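S.K.: What follows is a predicted structure for the sequence shown.
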Amino acid sequence: MFLNLDELPRLFGKSWLWSAKRPNLAWFKRDDYFGNPEQSLKTSIEELVLQKTGQLPAGPICLLTNMRYFGYCFNPVSFYYCFKTDGKTLQAIVADITNTPWKERHAYVLDCTKETSINKLQRFNFSKEFHVSPFMPMDIEYDWRFSTPTDQLNVHMRNLRGGSKMFDATMALERKPINSLNLAWVLLAYPFMTLKVIFAIHWQALWLWLKKVPFISHPQKISADHH
């Protein structure tokens, strides 16, 4: 779902199966997202971007996320697109990442005013700061590229180690309007999307383990074992 945070209070009035205020088949639960659940999500993101970049987001903030469906929420990453006042130019992107199985959270704030654009994609190169996969070391450089959301949305992520590519993933999405018909279609077409994502990640982990890919413990556990 690609959601304008300013529209959340009224967005899901289009379907009685969706809600932002109470449990439902599809539920935008504030506790599932970044920051103090007693504070609005937009305010939490605005304060984070201000802290990291020195600039308060001036325009709307849109969230790309996998919501809570049928009581389950599993969100490896949510992206917050912070726009300038024109509502079209990106000011910052926040990648809010949770890891499996530790259920920790870390947010990367990407300043769009400082990065170059290549083939209409915002490109960011930076070092890994947060342990995500037990099959991926910490000495990784990230190469992430984002399109400005329009009718199409693209994200391309590469992990590099010593100049060699270790991981490459692309997400390409096409925008559809949020209306009662499309909201019903999502629940019918993808009724167990969250469980599917959980299964796919654990299946991939099993496949890597069977291939004898080295298992890398959490850095905090490694540090504790050496004390």
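M.R.: Received the coordinates, thanks. Numbers count the residues shown, from 1 in each chain.

S.K.: Strands of this protein, start to end?
M.R.: 2-4, 18-19, 26-27, 61-64, 68-69, 77-83, 90-98, 105-111, 117-118, 121-127, 141-147, 152-161, 164-174 (DSSP state E).

S.K.: Nearest to Phe215, out of the ones you listed?
M.R.: strand 164-174 (15.2 Å; CB to CB). For the C-beta atoms, the positions are set from N, CA and C on the backbone; glycine is no exception.

S.K.: Which neighbouring elements make contact with that closest one?
M.R.: The contact analysis (3 or more CB pairs under 8 Å, 6 or more residues apart in numbering; DSSP states H and E) places strand 164-174 against strand 152-161.

S.K.: what's the angle from the strand it packs on to strand 77-83?
M.R.: 120 degrees (axes from the mean of the first three to the mean of the last three CA atoms, to 10 degrees).

S.K.: partners of strand 152-161 in the sheet?
M.R.: strand 141-147 (antiparallel), strand 164-174 (antiparallel) (DSSP bridges).

S.K.: Setting aside sequence neighbours, what's the nearest residue to the spatially most central residue of the chain?
M.R.: By CA atoms, centre = their mean, the mean C-alpha position of the chain lies nearest to Ser78, the distance being 1.8 Å. Take Ser78 and drop its neighbours on the chain: the residue closest to it by CB to CB, 6 or more residues apart in numbering is Thr65, 4.2 Å away.

S.K.: what about the one you found, neighbour count?
M.R.: 19 (other CB atoms under 10 Å).

S.K.: Run a quick check on it versus Ala26, I expect a contact.
M.R.: No - judged on CB atoms under 8 Å, Thr65 makes no contact with Ala26 at a distance of 11.7 Å.

S.K.: now Lys103: how far from Val132?
M.R.: Computed with CB to CB, to the nearest Å, the distance linking Lys103 and Val132 is 12 Å.

S.K.: the longest helix in the protein is where?
M.R.: Assignment by DSSP state H gives helix 193-210 as the longest helix of the chain.

S.K.: sorry, back to before: surely the residue nearest to the centre of the chain touches Asp96?
M.R.: Yes - between Ser78 and Asp96 a contact is recorded at 4.7 Å, counting by CB under 8 Å.

S.K.: list residues touching both of those two?
M.R.: Tyr33, Phe34 (CB atoms under 8 Å, 6 or more residues apart in numbering).

S.K.: ok, the residue nearest to the centre of the chain - contacts?
M.R.: Contacts of Ser78 (CB under 8 Å, 6+ apart): Tyr33, Phe34, Leu63, Leu64, Thr65, Asn66, Ala95, Asp96.

S.K.: Quote the end-to-end distance of stretch 20-30.
M.R.: With CA to CA, to the nearest Å as the measure, the first residue of stretch 20-30 is 8 Å from its last.

S.K.: Counting neighbours, which bits of it end up buried?
M.R.: Of all the residues in stretch 20-30, those buried under the rule 16 or more other CB atoms under 10 Å are Ala20, Asn24, Leu25, Ala26, Trp27, Phe28, Lys29, Arg30.

S.K.: I figured the second one was touching Tyr69, is that so?
M.R.: It refers to Asn24. No - counting by CB under 8 Å, Asn24 stays clear of Tyr69, with 9.5 Å between them.
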